[in-house]
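Engineer: Give me a 3D structure for the following:
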Amino acid sequence: MKWTALLSVAAAVVGSFLAFTQHASGHTDEKVPPNYEVQIPAGYRDWKLISVAHEAGNLNDIRAILGNDEAIKAYREEKFPFPDGTIIARLAWKYVPSEENNKVFGSEQSFVAGSPTNVQFMVKDSRRYSATGGWGFAQFTNGKPLNEAEPKPCFSCHEPAKARDFIFTHYAP
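Structural biologist: Residues are numbered from 1 along each chain as shown. Okay, here's the model as predicted:
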């Protein structure tokens, strides 16, 4: 009888711990898609710049493409495919005219980064992500993953860049 009570208390403690751990991670009621084993890497904003881009059309954003040390080394040495451990980040902001700069220039010719839109990551692990060209994909808005159940929607857009290991961005030294 004592053992039954002790086991019940132990189960309750473990259950409470697990419930608290899920709550502390911010995923109590949310279903986290399996794709989001790719997390936001610590310190990614301190990575080196690979390039910048402007995406017109419906997105109309400006982007900074950053890479961790493995990515920068591969770009500089032109070693493709990228090695496992490579992580590439794409930070995007709305592309907006700068009223302050345009007053100085006398015409609308200066554009700057406006409010942030999202952050995307590509993580190279050829064994873990073999179904998507060796790359894991993740996309975050306000620090939260978007509701994609798997990386295939991202991968399908990257397939045309297969010859460059599924990467569109060229290094701009």
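Engineer: what is the mean pLDDT for the helix or strand hosting Ala71?
Structural biologist: Taking DSSP states H and E as the definition, Ala71 sits inside helix 69-77. Mean pLDDT, computed over helix 69-77, is 97.
Engineer: quick one: whichever helix or strand comes after it to chain centroid distance?
Structural biologist: Downstream of helix 69-77, the next assigned helix or strand under DSSP H and E is strand 87-97. Between the mean C-alpha location of strand 87-97 and the chain-wide mean there is a distance of 11 Å, by CA atoms, centre = their mean, to the nearest Å.
Engineer: Quick one: list the elements packing against strand 87-97.
Structural biologist: With contacts defined as 3 or more CB pairs under 8 Å, 6 or more residues apart in numbering; DSSP states H and E, the secondary structure elements packing on strand 87-97 are strand 48-55, strand 61-67, helix 69-77, strand 111-124. (Glycine included, C-beta is placed from N, CA and C.)
Engineer: In TSV: these, plus distance to Arg164 and mean neighbour count.
Structural biologist: Formatted as TSV, the entries for these read as follows, by distance: least, CB to CB, whole Å; neighbours: other CB atoms under 10 Å:
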stretch	distance to Arg164	mean neighbour count
strand 48-55	13	15
strand 61-67	13	22
helix 69-77	11	17
strand 111-124	12	18
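Engineer: one step back: summarise which helices and strands the helix holding Ala71 is packed against.
Structural biologist: Using 3+ CB pairs under 8 Å, 6+ apart, the elements in contact with helix 69-77 are strand 48-55, strand 87-97.
Engineer: Show me what the longest one is in contact with.
Structural biologist: Among residues not part of strand 87-97, those counted as contacts by CB atoms under 8 Å, 6 or more residues apart in numbering are 41, 44-45, 47, 50, 54-55, 59-68, 70-71, 108, 110-124, 167, 169.
Engineer: the domain parsing of the chain - what is it?
Structural biologist: With domains defined by automatic domain parsing, the chain comprises 1-30, 32-164.
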